[in-house]
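A.B. asks: From the sequence below, what's the structure:
(8 chains)
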Number of protein chains: 8
Amino acid sequence: MTGFADLGYARVDTDRESRQGLPEVVYGPGKQPGEIAGIVGELLARGTGPVLVTRVEADVAAAIAVPGGTYHETARLLVWRPAASGSFRVCIATAGTSDGPVAAEAEAVAAAIGLSTEVVRDVGVAGIHRLLAARDELDRADAVIVVAGMEGALASAVGGLVACPVIAVPTSTGYGAALEGVTALLAMLTSCAAGLTVVNIDSGFGAAMAAHRLAQVVAKPR
Amino acid sequence: MTGFADLGYARVDTDRESRQGLPEVVYGPGKQPGEIAGIVGELLARGTGPVLVTRVEADVAAAIAVPGGTYHETARLLVWRPAASGSFRVCIATAGTSDGPVAAEAEAVAAAIGLSTEVVRDVGVAGIHRLLAARDELDRADAVIVVAGMEGALASAVGGLVACPVIAVPTSTGYGAALEGVTALLAMLTSCAAGLTVVNIDSGFGAAMAAHRLAQVVAKPR
Amino acid sequence: MTGFADLGYARVDTDRESRQGLPEVVYGPGKQPGEIAGIVGELLARGTGPVLVTRVEADVAAAIAVPGGTYHETARLLVWRPAASGSFRVCIATAGTSDGPVAAEAEAVAAAIGLSTEVVRDVGVAGIHRLLAARDELDRADAVIVVAGMEGALASAVGGLVACPVIAVPTSTGYGAALEGVTALLAMLTSCAAGLTVVNIDSGFGAAMAAHRLAQVVAKPR
Amino acid sequence: MTGFADLGYARVDTDRESRQGLPEVVYGPGKQPGEIAGIVGELLARGTGPVLVTRVEADVAAAIAVPGGTYHETARLLVWRPAASGSFRVCIATAGTSDGPVAAEAEAVAAAIGLSTEVVRDVGVAGIHRLLAARDELDRADAVIVVAGMEGALASAVGGLVACPVIAVPTSTGYGAALEGVTALLAMLTSCAAGLTVVNIDSGFGAAMAAHRLAQVVAKPR
Amino acid sequence: MTGFADLGYARVDTDRESRQGLPEVVYGPGKQPGEIAGIVGELLARGTGPVLVTRVEADVAAAIAVPGGTYHETARLLVWRPAASGSFRVCIATAGTSDGPVAAEAEAVAAAIGLSTEVVRDVGVAGIHRLLAARDELDRADAVIVVAGMEGALASAVGGLVACPVIAVPTSTGYGAALEGVTALLAMLTSCAAGLTVVNIDSGFGAAMAAHRLAQVVAKPR
Amino acid sequence: MTGFADLGYARVDTDRESRQGLPEVVYGPGKQPGEIAGIVGELLARGTGPVLVTRVEADVAAAIAVPGGTYHETARLLVWRPAASGSFRVCIATAGTSDGPVAAEAEAVAAAIGLSTEVVRDVGVAGIHRLLAARDELDRADAVIVVAGMEGALASAVGGLVACPVIAVPTSTGYGAALEGVTALLAMLTSCAAGLTVVNIDSGFGAAMAAHRLAQVVAKPR
Amino acid sequence: MTGFADLGYARVDTDRESRQGLPEVVYGPGKQPGEIAGIVGELLARGTGPVLVTRVEADVAAAIAVPGGTYHETARLLVWRPAASGSFRVCIATAGTSDGPVAAEAEAVAAAIGLSTEVVRDVGVAGIHRLLAARDELDRADAVIVVAGMEGALASAVGGLVACPVIAVPTSTGYGAALEGVTALLAMLTSCAAGLTVVNIDSGFGAAMAAHRLAQVVAKPR
Amino acid sequence: MTGFADLGYARVDTDRESRQGLPEVVYGPGKQPGEIAGIVGELLARGTGPVLVTRVEADVAAAIAVPGGTYHETARLLVWRPAASGSFRVCIATAGTSDGPVAAEAEAVAAAIGLSTEVVRDVGVAGIHRLLAARDELDRADAVIVVAGMEGALASAVGGLVACPVIAVPTSTGYGAALEGVTALLAMLTSCAAGLTVVNIDSGFGAAMAAHRLAQVVAKPR
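C.D. replies: A predicted model of the protein is given here:
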């Protein structure tokens, strides 16, 4: 018993579900549809949890011949065997409508792995009253995922309002000095609001997985 | 009732304790000892929680005339009215001995704000068996703070082993291509282990505060 | 008539006062005290407006033997023949106490060239109610200079609240990913609040001079 | 009365016109035509000022089914209900013909929001007499928008000639070390001409909006 | 006798085989098919070793009219007159399936120039047991080529396990803060495992050539 | 007499030929064919020297309706009224065949403005004997233009061999750490060979124009 | 048996000597003299190979109370129990005298771990005949370590001459565009000479350790 | 006859004077006074031209025991056996007084190697009339060295005025976005004035040596 299945083109980490509470998630780019199908089949056979493939374009998704999957187009996500919705509540707040696809990935992944989600859109600080009007949604959340590009100031504003964990996702929205999301990334890392944490640019996936880790520690018997 | 005390040189956020469960933490650099003393006095008078000043050199700390404070030299931290130790367990893992001061800040801040801490030192991946031998410490933690400079690979290794939240702190340890911690920062943000979150370079403080947010959501009645 | 005075080590632009409404301002670094004294003397002799030297340390200031000057220590500014205070109102808002020296330069330069100034300190977005409580000061300003380091989010918040010109000054406050002010600079340039303008890192001087240009266009007869 | 209209996919800031003198401007990229149409409709219904959508390609513009709009192809701008032309005069100066599209955006936005515009093209410093020949246009302006790529030296040259506000727009014109406009941006921020202000790369929009803020303060009753 | 053949468009280094044990390898990009054919013909005529062209797309490869060549599609490599397989054993380890094309180039070049190769795929540190299960392959290697993108932590893990030379190849796998492979490059250069060496991003070719230099020194009579 | 012709879309610097010995050269990108035709017509009418348009793709070149022009496809250059070949000898040396297009631009521009050219191709330092074999060409040159990408080491090697001016042109040849030519640029600027000068990445045009300035000073009567 | 000794402040990897042929090398910066002494003592007691501490300033070295050590001042290296000199020959070539300290570290570490060393100084490409005169030293080497700052072109020149492994060490020698060694690093990574490998900036240590890995594979019985 | 003198710590390139018209120039930093003295002695003994040591601080200069040298303090230059002044005229123009030390190095090196120099100081574009007033000095020059920091716009302005070669030296004058001279460097490389060439940041030495190459080609018999 090695803890993985060697398919030649991949060593599927079949031990991960017992180790971390979720099967390995498949990173789509650079893999052939046949390879993805093989890995997905192995994960479905070896475990019981949800099986996800991220960053899959529609044509690739259509070529993956494993029955039972659902494709989320905006999120570019494939899901088999989604988890039942649990009690951990994630609020996803976006600075603008253009941050939508990243928020969609965060939402779809979070839902697929059993988190309860609520989305508040277009509450950037250029009209701060829009954010202040969302206090109820923020206050009832167990964690807030902030999705923002350009200067990413929404993360600081949310971080100053709520007591719960804030996971900031910089997006590549913007142009010029936005530097493909690097500016938002750096800004979120240096926020004057204490205790924010940050994931990679455009990684709605990473934020949802971080929230899953939170949900697990909350669910741990004490 | 404004929610802050205007000292002229500072607007002390006296509302923060009720809003976020902790008084405002004072960022030391660029402030005069008298200004720090004034702010600390105001926070002690207006709230009941721990009062902290970060990044204070020993000579500045000595010049701050507010009784009852304790100075942690390696952590460069001043603390008044530390919180009682709670049940939320944070494990702080360092890649090398040179990451010590940043880990010390994380530990001292975490302890001062009521988290229970345990430190595992010098478990970098160049000798991965040292990390594998620390599985017990990692497994009983509610959150792991990984403190690592150079290439920061420890964050990925820990992230692949544990199910709980991992907060990665890049440090400026190293030289040349380490780019004062930027390399570790970028590496941690792009970890192949899913769901890691990252704070600013050398910010043991930020990691401890992020853990405090976790502790609060764990403690929330359900 | 050449429009300048050739001192050998400098060509003093004696035409600037008639061209732009203010004598040339002397940039201190890299000049000998004797050179500065020579230039200042020439400016005092050839024009009638205020004469300023920026970024002068106290010991250099003391060595400049031109009577009648005043030294502003925090602002590192030398001033001769300050202008009378005019009706153009500049509000200078800082994110934190650590941004104080840059704000001091903006304030001292603005006052010396005849602007009316008001300073609101420590209104960073981590406690947004502190900024909202300063609406009166913001509303009566003809222009707002926002001085902020770290992620510089205050510029976006102010930019969303006021209708008047906002001049954002990124500061080098912060560490790690703050990149000596580059992060705040990039963030301010990509603000989601429309119509902000930005000057160089730590350039309180630049912001005050930009405000002077505004004051001149306001004062222009129509 | 919340100050915004919640369309689900967007929270339209209906309060902005009273707060800042102009309705919210819609940032086109990343939005569906239907979403843009919805937002535009809301803005037309709730306010009285000009409604603009920026960075819209021709095919997207054609798909937005809101009557009464005008499309400016070079500027990639959609406008409904343009403002009447006011007395505030903006001179837009470009370094070269290749900076034309950015200047076109500045001009079209400025005109749509009620500023009076004049454009001086191709006056880069490689033939400085071309700029000196434009002294009349520069002198009668209330503000100058300088649009330049490559090394952006035109901003410094103009900044040294005029007394009024100068808003510098770096463009991505050029190749190699021009770094997609970053070089011009940095150069404009460090200009030896005092009191210049800078907006994001290629942001003719941002410059026009900054000029609008100037126009408002000039129009303020004193 | 000049040591090169001057074809006008190229000076073919015909001396290289005697100087370094291998004919010059042709870098494909930017060359016309006819030019490549000319150079290959010259190398085949003047020497006896394997002739390679790298980074050739399929359509270009098809247009090169020199008989006897083999095209490796994933590796984008053309080979004439491959060397017999020698005794020097190279193990190529990849972090993920997406690093496959770079590993394919390393493998195909290494095989063509006479090295013995073995590939271990998908052993990234997020599931470290997969790497530990490959100890046999690692231990019998004379050199290990580690191919990894994202944060590149596999290089450090392998570097800590084996005693033989480790050649790290950063790949451009990943997004956002992965910065097209720069993050993996920097991380590998600052590895806490001593004695790693690094080649250019995505350069499977460079790693194989470095291994060839090793093989030559091992084969040197002592 | 203004020294320029104002076409509305361009201010053609008609004074430049008398000032600098060559008419203005037209930068092609971002201009419409009709605009280019207008400017070219003006330059042909107002002066007597060669008229050039750079960086023009073949389809744009075909659309420019000004008779008498010649199009150099590899160089992407349009030329009217080329100068007679003079006595100033420029040797253009390239590191590899892939640097060909940039060298072609340098050669075509140099020839069009009356310089005598000689090209030595593919003499990169990986086979230094190829360069040493070109000593005759180098020694008879009045200036050497070195065209090299990747690490750009050829500039240093040539700079150490010849006494005449060396103009280094970094190219974007290479991948990964070559950073689109930035690495070669930085390397050439920091060459250990004294007195090299450098122009922008891929700017064969800039190098030829720099050589023209040299030719003029050589031709100056003494 | 855990494979390490836990000193509290450090987990000394006592297994490394059997795993990789050398005891762990101690990285000096950021460690207290007492900590270094403790680790050195442990390594001396648990193994039989050479014990090294790198990057130790003279005053720190003097404070480390472990008898039998030797301090190399230029190399900033402490050594106990150096290995006997073996048959693997390393030639260290420097571009200039200013690269001396880095070469000294490479030489001292290599000697301490049993490699045979020879140093060729000041053979930069600005006078290429100096390098060509060192062909004997280069030809008899089993590996060449090239130490060069500024543009680092020596690595390419050596790489084109020798058949054996070349380990390039960029140094921080130079100023301005040398960017503290980053330029040399990038240049070496993109060398036109195939099969070079590179280590971190100023890491003479890293190069010597890489050579040790080579020596071990050469010494492996076949 | 090898063409160099091997002093152990240095290989002095004694062939350079015949090859390039000037003895090797000694780069001071990182060399011991005794080493410098040894190299200087060798150069004085083996050749007849001027011997220079650059970037030498006053205390190091005082410790170099070779009679007959002259130390230029602002230029940080040591000179033995300066050349007689020739007919090649170099005009050195500075943007501001703060660029003085770099200009001083250019001037002192140029004079020592036999060029005729003239300096025009403080003619930055913020007061362009100061530059226009220096037309005579510019027009009689055989080459212009432009020394400028901040945004470096003076290079473009001069480049547009003169016909002769322009060598641009970016300086580290300025702060914040000036990025230690990188901004001026990038700006000069992307100048809209054609045919400028650029040397390393703060390298007055490099500019003077480039001018020497020009002088040699001018002096070449034709």
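
A.B. asks: start to end distance for stretch A:142-152?
C.D. replies: 21 Å (Cα to Cα, to the nearest Å).

A.B. asks: gap between that stretch and the chain center?
C.D. replies: 12 Å (Cα atoms, centre = their mean, to the nearest Å).

A.B. asks: does it come close to chain E?
C.D. replies: No - using Cβ under 8 Å from any Cβ of the partner chain, stretch A:142-152 stays clear of chain E, with a minimum separation of 11.6 Å. For glycine as for every other residue, the C-beta is placed from the backbone atoms N, C-alpha and C.

A.B. asks: How about that stretch and chain D, any contact?
C.D. replies: No - Stretch A:142-152 stays out of contact with chain D when judged by Cβ under 8 Å from any Cβ, the minimum separation being 9.0 Å.

A.B. asks: and the residue of chain A found nearest chain H, helix, strand or coil?
C.D. replies: As assessed by Cβ to the nearest Cβ, chain H sits closest to A:A177 within chain A, at 11.1 Å. Following DSSP: H, G, I helix; E, B strand; the rest coil, we place A:A177 in the helix state.

A.B. asks: Pretty sure it sits against A:T183.
C.D. replies: Yes - counting by Cβ atoms under 8 Å, A:T183 is a contact partner of A:A177 at 6.2 Å.

A.B. asks: Would you mind finding the longest helix in chain A?
C.D. replies: helix A:204-219 (DSSP state H).

A.B. asks: Which secondary structure elements does that one sit against?
C.D. replies: helix A:100-112, strand A:143-148, strand A:166-170, helix B:204-219 (3 or more Cβ pairs under 8 Å, 6 or more residues apart in numbering or on different chains; DSSP states H and E).

A.B. asks: Mean pLDDT and mean neighbour count added to those, as CSV?
C.D. replies: Shown next, in CSV, are those (pLDDT from 0 to 100; neighbours: other Cβ atoms under 10 Å in any protein chain shown):
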stretch, mean pLDDT, mean neighbour count
helix A:100-112, 97, 25
strand A:143-148, 98, 30
strand A:166-170, 98, 32
helix B:204-219, 97, 25
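
A.B. asks: what angle separates the longest helix of chain A from helix A:100-112?
C.D. replies: Orientation of helix A:204-219 against helix A:100-112 (axes from the mean of the first three to the mean of the last three Cα atoms, to 10 degrees) gives an angle of 30 degrees.

A.B. asks: Now do the contacts for the residue of chain A closest to chain H.
C.D. replies: Residues near A:A177 by Cβ atoms under 8 Å, 6 or more residues apart in numbering or on different chains: A:T183, C:L186, C:L189, C:T190, D:V182, D:L185, D:N200, D:I201.

A.B. asks: Mind picking the one among those that's closest to E:E17?
C.D. replies: D:V182 (44.9 Å; Cβ to Cβ).

A.B. asks: right, and A:R89 touches A:D142 too?
C.D. replies: Yes - applying Cβ under 8 Å, one finds A:R89 in contact with A:D142, separated by 4.9 Å.

A.B. asks: neighbour-wise, which of these two wins?
C.D. replies: A:D142 (22 against 19; other Cβ atoms under 10 Å in any protein chain shown).

A.B. asks: What are the boundaries of the strands in chain A?
C.D. replies: A:5-6, A:11-12, A:26-27, A:51-54, A:70-72, A:77-80, A:89-94, A:116-120, A:143-148, A:166-170, A:197-198 (DSSP state E).

A.B. asks: As JSON lines, these with distance to C:I167 would be great.
C.D. replies: Shown next, in JSON lines, are these (distance: least, Cβ to Cβ, whole Å):
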{"stretch": "strand A:5-6", "distance to C:I167": "61"}
{"stretch": "strand A:11-12", "distance to C:I167": "56"}
{"stretch": "strand A:26-27", "distance to C:I167": "44"}
{"stretch": "strand A:51-54", "distance to C:I167": "43"}
{"stretch": "strand A:70-72", "distance to C:I167": "44"}
{"stretch": "strand A:77-80", "distance to C:I167": "44"}
{"stretch": "strand A:89-94", "distance to C:I167": "29"}
{"stretch": "strand A:116-120", "distance to C:I167": "32"}
{"stretch": "strand A:143-148", "distance to C:I167": "24"}
{"stretch": "strand A:166-170", "distance to C:I167": "26"}
{"stretch": "strand A:197-198", "distance to C:I167": "29"}
